[in-house]
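**Student:** Okay, predicted coordinates and the sequence, questions at the end:
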Amino acid sequence: MKILGILGSHRSDGVTKMMMDTVLSGVQAPNTTETVYLEDFPFKPDQGDQKDPVLDQLEQKMLESDVWIIAAPTYWGGLAGKMKDFFDCMRQRLVRFDHDGGTHPDRFKDKHYLSITDCYTGAFENWVTGVTDQSFRTIDKVMSAAGVIKIHELVLTNTWGMKELPENKKQACLKWGHRLNSVKKRDDSTLKRYIELFFMVAVMALLTMGIQVGLRLVSTADFWWRYASFVVIFYVLLGCILHFFTVVKHRRR
């Protein structure tokens, strides 16, 4: 398995690079790693049938890799421009377009990614306001369109003047670097899990309401209507809460 680190920052020796390097240091043989510093690749958008040769190089490296580490700092509350420019230029290659201009996963489908960002904002402020959320959302939106499966995200706050990683963040990066050694190639099972969740809710609600009827705590009038409406409402609310905490709400510390 090959892990590719893609660094989209203005500096090749900043804290973003430190975090990415620490994650990569946890990868063990026979797995291999490679790092791409986007500033070293003067890519330009493709012009019709005229493909950019630099993008060809980057695309080949991504195709040859099983896991991508997408690392870029957060500037002005959004993803660093170099990484965003890279995503924009790679758009025609990351997805397949249908006749209506809709995008679909293509050659990168079912690869995996881990995202990294950092900011000058303090930990508490980022936790409250979510300064780094937009960076993660941009990465997730691009990767989701390409069919790439998310592994985890790492964030570092209060980086002004920082010369080395805090010990707790270093250990977190190492932990996820070690976990990359056992990433299994598999399809995203999100839909399957939501279907399983629906049936679990349905069974538990039936048992609960059945016990209530047995204890004469509720009447049997319109039982199945009340049961069906309860299952649907409870499932929708639970699904929204789970979606918020697993997808919408990003790591802020």
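**Tutor:** Sure, I can see it.
**Student:** So for this structure, which residue is the most central one in space?
**Tutor:** Centroid-nearest residue in the chain: residue 150, 4.0 Å away (criterion: Cα atoms, centre = their mean).
**Student:** Residue 68 versus that residue, what's the distance?
**Tutor:** 11 Å (Cβ to Cβ, to the nearest Å). Every residue, glycine included, has its C-beta placed from N, CA and C.
**Student:** what do these two both touch?
**Tutor:** Common neighbours of residue 150 and residue 68, using Cβ atoms under 8 Å, 6 or more residues apart in numbering, are 112-114.
**Student:** Drop the exposed ones from those and show what's left.
**Tutor:** 112-114 (16 or more other Cβ atoms under 10 Å).
**Student:** List just the nearest of those to residue 83.
**Tutor:** Distance to residue 83, by Cβ to Cβ, is smallest for residue 113 among these, at 12.5 Å.
**Student:** part of a helix, is that closest one?
**Tutor:** No: the assignment for residue 113 is strand, going by DSSP: H, G, I helix; E, B strand; the rest coil, so no helix is present there.
**Student:** any idea how far residue 67 is from it?
**Tutor:** 7 Å.
**Student:** hey, what's in contact with both of those two?
**Tutor:** Common neighbours of residue 113 and residue 67 (Cβ under 8 Å, 6+ apart) are residue 151.
**Student:** hmm, who's touching the helix or strand containing residue 211?
**Tutor:** According to DSSP states H and E, residue 211 maps onto helix 190-214. Residues from elsewhere that reach helix 190-214 (Cβ under 8 Å, 6+ apart): 218-220, 223, 226-227, 230-231, 234-235, 238-239, 242.
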